[in-house]
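>>> When you get a sec, could you give me coordinates for this:
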Amino acid sequence: MNEHDHDLDLDHDLDLDRDLDRALTVATDLAAWASEAIRRPRDGGVREKASPADIVTQTDETIEAHVRSVLRAAFPTHGIEGEEHGTDKPTTPNAPYWVVDPVDGTTNYAHGIGWCSFSLGLAAPDGTPLLGLVADPWRGETFTAIRGRGAYLNGTPTRAATHTTLTGHLFLTEWAAHAHWPGLDSLLTALSARHCTARVMGSTALSLAQVAAGRATVAAVGEFHAVDGLPAYLIAREAGAVALPQVPVYDEPLLLMAPGVVGEMAELWGTIQAGEA
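Down below sits the predicted model:
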C-alpha cells in the first residue's frame, strides 16, 4: 500500500465515523420520541397477525411509520427492515440498512405490563451490525453501541458481568412467541440444578441487553431475528459479552454470555443440543 492509498483509507474511516455519529444522533432522537409514544395511554385496539399469540397494536404501526419516514429523509439511500411493514431495499449498491422493532414486547404492552422496548439498528450490506440502540421507556434507559467503540447505558460505559459461575445468577430468555423452543426445557432444568435463576420477561431486545448491563449473566433466544435481536447483540458484544454462535444465524438459537461463564455455559449447551438431536 502506498501513502496515497493509506490516506484514502483514513478518509474512508473518517467518513464512516462521521456517518455513524450522525446515525446515532438520529437514532437517539427517534428513541426518545418512541419512548414517549409508548408511555402514553394506548390508543386503538389489538389486531391478530399470524396467530392469537402474535399481535400488533396501533402504537406499533404508528411508531414504525414515523421511524421509516425520518430515516428515509435523513438517509435516503439506506434500506429499512421493520417488524410491521416489511423491507425497503437500499436505493444504491452497498448502502447499509436499518432494522427496527417499534415495540418489542407487544404482548406485554397490550396487556399493560411495563416491560417492552424500542429497538433500532444499522447494519452493513452483509449483515454486520454497525450501530445498535435499545430503549426501555419505563425505566428511562437507553442502551447504545457503535461497532468498535464500546457499549453505553444512558451515555455511561457499561460492561458484561464479571461472574465466573452460573450459580446464584440470572439467565434471561424468551419463548418463541407462545411456545418453548427445542432444548429450552432441558436447559432450564440444568440451570435450576445449578441454582441459576431463569426469567422470561417478554422482550427479546431488552432481555439480551441486560447482559450488556451486567444484570443477566446469560441470555438466550431460540430463534434469532435481526429486527429485534441485532441491535442488542451488538450492544452486548461491545460490552464484552461472548456470543454463541459468534455470528447469529436467522431462526437459530443465540446465546449471549458474560466472559467468565463461557466454558460452563457452552459445555452445558453442547450437552443439551446433543441430547435434543
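>>> How about the contacts made by the residue nearest the centre of the chain?
Nearest residue to the geometric centre of the chain (CA atoms, centre = their mean): Ala232, 2.7 Å. If you count contacts by CB atoms under 8 Å, 6 or more residues apart in numbering, Ala232 has them with Ser119, Gly132, Val134, Phe143, Thr204, Ala205, Leu206, Ser207, Leu208, Ala209, Ala212. C-betas here are computed from N, CA, C, even on glycine.
>>> which one is it nearest to, not counting chain neighbours?
Excluding the flanking residues, the one nearest Ala232 by CB to CB, 6 or more residues apart in numbering is Leu208, at 3.6 Å.
>>> Near the one you found, how many other residues are there?
Counted with other CB atoms under 10 Å, residues neighbouring Leu208 total 35.
>>> Same check on Gly132?
32.
>>> How confident was the prediction at it?
Gly132 is assigned 98 on the pLDDT scale.
>>> What of the one 10 residues further on?
According to the model's per-residue confidence, Thr142 sits at a pLDDT of 98.
>>> Likewise for the one 10 residues further on?
pLDDT, Tyr152: 98.
>>> hang on, it in a strand?
Yes: assessed by DSSP: H, G, I helix; E, B strand; the rest coil, Tyr152 belongs to a strand.
>>> Which neighbouring elements make contact with the helix or strand Thr189 falls within?
For Thr189, the host element (DSSP states H and E) is helix 184-193. Secondary-structure packing of helix 184-193 (3 or more CB pairs under 8 Å, 6 or more residues apart in numbering; DSSP states H and E): strand 197-200, helix 262-276.
>>> which outside residues touch that helix?
Against helix 184-193 from outside (CB under 8 Å, 6+ apart): 166, 171, 173, 197-198, 220, 222, 268-269, 271-272, 275-276.
>>> switch to 10 Å and redo it
With contact meaning CB atoms under 10 Å, 6 or more residues apart in numbering, helix 184-193 is reached by 166-167, 169-171, 173-176, 180-181, 196-198, 200, 218, 220-222, 253, 255, 265, 268-269, 271-273, 275-276.
>>> residue ranges with poor pLDDT in the stretch 51-200 of the chain?
Along the stretch 51-200 of the chain, the model assigns pLDDT under 70 to no residue.
>>> Please enumerate the helices of it.
Using DSSP state H, counting those that start in this stretch, the helices assigned to the stretch 51-200 of the chain run over residues 58-74, 106-110, 184-193.
>>> right, so these: which one is the most enclosed?
Among the helices of the stretch 51-200 of the chain, helix 106-110 has the highest mean neighbour count (mean count of other CB atoms under 10 Å), at a mean of 21.
>>> What is that one packed up against?
strand 46-51, strand 54-57, helix 58-74 (3 or more CB pairs under 10 Å, 6 or more residues apart in numbering; DSSP states H and E).
>>> Now that Arg47 has come up, it's in contact with Val56, right?
Yes: between Arg47 and Val56 there is a contact at 5.3 Å, judged by CB atoms under 10 Å.
>>> between those two, who's got more neighbours?
Shown here are Arg47 and Val56; by other CB under 10 Å, Val56 has more neighbours (18 against 11).
>>> got a list of what that one touches?
Contacts of Val56 (CB under 10 Å, 6+ apart): Val46, Arg47, Glu48, Lys49, Glu64, Glu83, Glu84, Pro102, Val103, Thr106, Ala110.
>>> would you put the C-alpha positions of the helix holding Thr189 in PDB?
C-alpha atoms of helix 184-193 as PDB (Å, rounded to 0.1, in the frame of the first residue of the first chain):
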ATOM      1  CA  LEU A 184     -35.200 -24.900  26.400                       C
ATOM      2  CA  ASP A 185     -36.900 -27.200  28.900                       C
ATOM      3  CA  SER A 186     -33.800 -29.300  29.300                       C
ATOM      4  CA  LEU A 187     -31.700 -26.100  29.700                       C
ATOM      5  CA  LEU A 188     -34.000 -24.700  32.300                       C
ATOM      6  CA  THR A 189     -33.800 -27.900  34.300                       C
ATOM      7  CA  ALA A 190     -30.000 -27.900  34.100                       C
ATOM      8  CA  LEU A 191     -29.800 -24.300  35.200                       C
ATOM      9  CA  SER A 192     -32.100 -24.900  38.100                       C
ATOM     10  CA  ALA A 193     -29.800 -27.700  39.300                       C
END
